[in-house]
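Asker: Generate coordinates for the sequence data below:
(one chain, ligands or ions: 1)
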Amino acid sequence: METLIRHTRIDCHQHRAFRAFLAYCFFLLPLFWCSGCHSLKFMPSSLEKPDKTANELSVLAAPGKRSFRVGQFVFSSDFEVNRDQPLFRELADLPEQVYKELELPASNTLVQIHLFQDRDRYERFMQAKYPDLPRRRAFFVAQPRTVGGAEDLMVYTFWGERIRQDLRHELTHALLHCVLRDVPLWLDEGLAEYFELPPHLQGVNQQHLEQSTGTSAPFKPDLGHLEQLTQVQQMTPVEYREAWAWVHLMLRDRPQAKAVLTSYLQQLRLNPTPGLLQPRLAAVYPDLADSLSKHLTQLEQEPRRQAADMIKGDGE
Ligand SMILES: [Zn+2]
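Answerer: Predicted structure coming up:
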């Protein structure tokens with residue numbers, strides 16, 4: 001039985017897309033990482049040390065004084081949150097956006113979001129509850145309630161300036177987890193990167209785009225390499241950016257490419273290991289790396305072309 005954890009990007013700007021995947025054998029003692037999992041021992045500290053002081057226990061209490069629901073998302077906080085703000089209206093639409101775009105069935109599984117008022121309180125809580133996790137702004141945790149039973153789906157984060165993107169990112173992981181048996185690490189992060197952006201941007205992450213098409217570091221996409229990754233240490237910001245790029249190509253280029261992704265996801269509903277996606281996509285694009293580079297270059301030129309069309313239109 002495993003607890004699945006996804007978390008959001010590292011704060012450092014150079015590594016903003018860094019993500020991690022950690023899974024651990026939750027009910028097996030002594031607790032060691034199971035084969036194929038992260039090599040660190042990882043368990044909630046509340047299980048490690050039963051004798052907590054009152055102060056430690058208060059730090060371990062997740063926010064819960066106030067609670068409100070937005071669709072299947074249940075927000076808990078210890079401070080007043082204005083639930084009428086546009087952020088929550090947008091989040092209410094996220095499940096439909098994700099499931100419709102990916103042609104997946106809807107789910108009404110509840111996701112609990114623990115919203116801390118500030119970063120300090122959030123970090124003290126995470127440090128006390130999950131001392132082995134790295135520092136990140138947000139986490140998604142799928143934790144089994146019982147062996148073979150239902151799971152608690154939880155997001156932990158704090159009210160910071162990137163709350164919109166962080167919530168959209170982690171809730172995308174949660175929504176995928178509701179309906180799929182498993183999602184390969186690279187694809188899970190690529191999809192979360194795609195849907196974390198406000199809908200009007202249509203999945204275009206300008207920073208990823210600039211870094212992929214810029215001349216400072218040559219972009220050498222290799223989907224076969226991404227598909228081999230199973231551990232966080234193997235994922236660098238370059239891999240996260242590339243994961244986003246492949247997802248964007250599949251969802252926004254041609255219908256045959258989107259069909260490859262959606263049929264792969266359909267398989268993942270029943271089969272956690274449906275094989276590789278690369279050969280299926282290569283049937284649509286014989287030269288995969290070249291097709292991705294062209295797609296990104298086109299995307300990068302799009303705003304300029306639109307601006308040029310507008311100027312031309314004004315002059316006519
Ligand atoms: Zn993620």
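Asker: Quick one: neighbours of whichever residue of the stretch 51-200 of the chain sits closest to the ion, just the number.
Answerer: Closest residue of the stretch 51-200 of the chain to the ion, Cβ to the ion: Ala192 (4.3 Å). For the C-beta atoms, the positions are set from N, CA and C on the backbone; glycine is no exception. The tally of other residues near Ala192 (other Cβ atoms under 10 Å) stands at 28.
Asker: again with Met250
Answerer: Neighbour number of Met250 under other Cβ under 10 Å is 26.
Asker: secondary structure class for it?
Answerer: Classification of Met250 by DSSP: H, G, I helix; E, B strand; the rest coil places it in helix.
Asker: so which strand or helix has Phe139?
Answerer: strand 138-144 (DSSP states H and E).
Asker: Could you list every helix and strand that that strand packs against?
Answerer: Other elements packing on strand 138-144 under the criterion 3 or more Cβ pairs under 8 Å, 6 or more residues apart in numbering; DSSP states H and E are strand 2-7, strand 151-158, helix 163-179.
Asker: Rebuild these as CSV, extending it with distance to the ion and mean pLDDT.
Answerer: Formatted as CSV, the helices and strands packed on strand 138-144 follow (distance: least, Cβ to the ion, whole Å; pLDDT from 0 to 100):
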stretch, distance to the ion, mean pLDDT
strand 2-7, 4, 69
strand 151-158, 11, 94
helix 163-179, 6, 96
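Asker: got the domain boundaries for the chain?
Answerer: Following automatic domain parsing, one finds the domains of the chain at 1-183, 189-316.
Asker: rewinding a little: mind putting the helices and strands packed on strand 138-144 into TSV with mean neighbour count?
Answerer: Below are the helices and strands packed on strand 138-144 laid out as TSV (neighbours: other Cβ atoms under 10 Å):
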stretch	mean neighbour count
strand 2-7	23
strand 151-158	22
helix 163-179	23
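Asker: which one of the domains of the chain has the lowest average pLDDT?
Answerer: Ranked by mean pLDDT, those end with domain 1-183 at the bottom, a mean of 76.
Asker: Now do it: distance to the chain's middle.
Answerer: Distance of domain 1-183 from the chain centroid (Cα atoms, centre = their mean, to the nearest Å) equals 11 Å.
Asker: go on, stretch 182-202?
Answerer: With Cα atoms, centre = their mean, you get 6 Å for stretch 182-202.
Asker: quick one: terminal-to-terminal distance for that stretch?
Answerer: This stretch, stretch 182-202, spans 25 Å end to end (Cα to Cα, to the nearest Å).
Asker: Tell me which residues of it come out buried.
Answerer: Neighbour counts over stretch 182-202 (16 or more other Cβ atoms under 10 Å) mark 183-197 as buried.
Asker: Out of these, which is nearest to Gly214?
Answerer: Minimum distance to Gly214 across the buried residues of stretch 182-202 is 17.8 Å, recorded for Glu193 (Cβ to Cβ).
Asker: quick one: the helices in the stretch 101-250 of the chain?
Answerer: Ranges of helices within the stretch 101-250 of the chain are 119-129, 163-179, 185-195, 206-213, 223-228, 237-252, based on DSSP state H, counting those that start in this stretch.
Asker: Can you give me every residue that contacts the residue nearest the centre of the chain?
Answerer: By Cα atoms, centre = their mean, the chain has its centre lying nearest to Ala192, at 3.5 Å. Ala192 makes contact with Arg6, Arg19, His169, Glu170, Thr172, His173, Leu176, according to Cβ atoms under 8 Å, 6 or more residues apart in numbering.
Asker: repeat that with 6 Å
Answerer: By Cβ atoms under 6 Å, 6 or more residues apart in numbering, the contact set of Ala192 is His169, Thr172, His173.
Asker: Over to Thr297?
Answerer: Thr213.
Asker: one step back: check which residues of the strand holding Phe139 are buried.
Answerer: Under the neighbour-count criterion of 16+ other Cβ under 10 Å, strand 138-144 has Ala138, Phe139, Phe140, Val141, Ala142, Pro144 buried.
Asker: which among the residues you listed gets closest to Leu102?
Answerer: Leu102 lies nearest to Phe140 out of the buried residues of strand 138-144, by Cβ to Cβ, at 17.3 Å.
Asker: burial of Gly275, as a residue count?
Answerer: 11.
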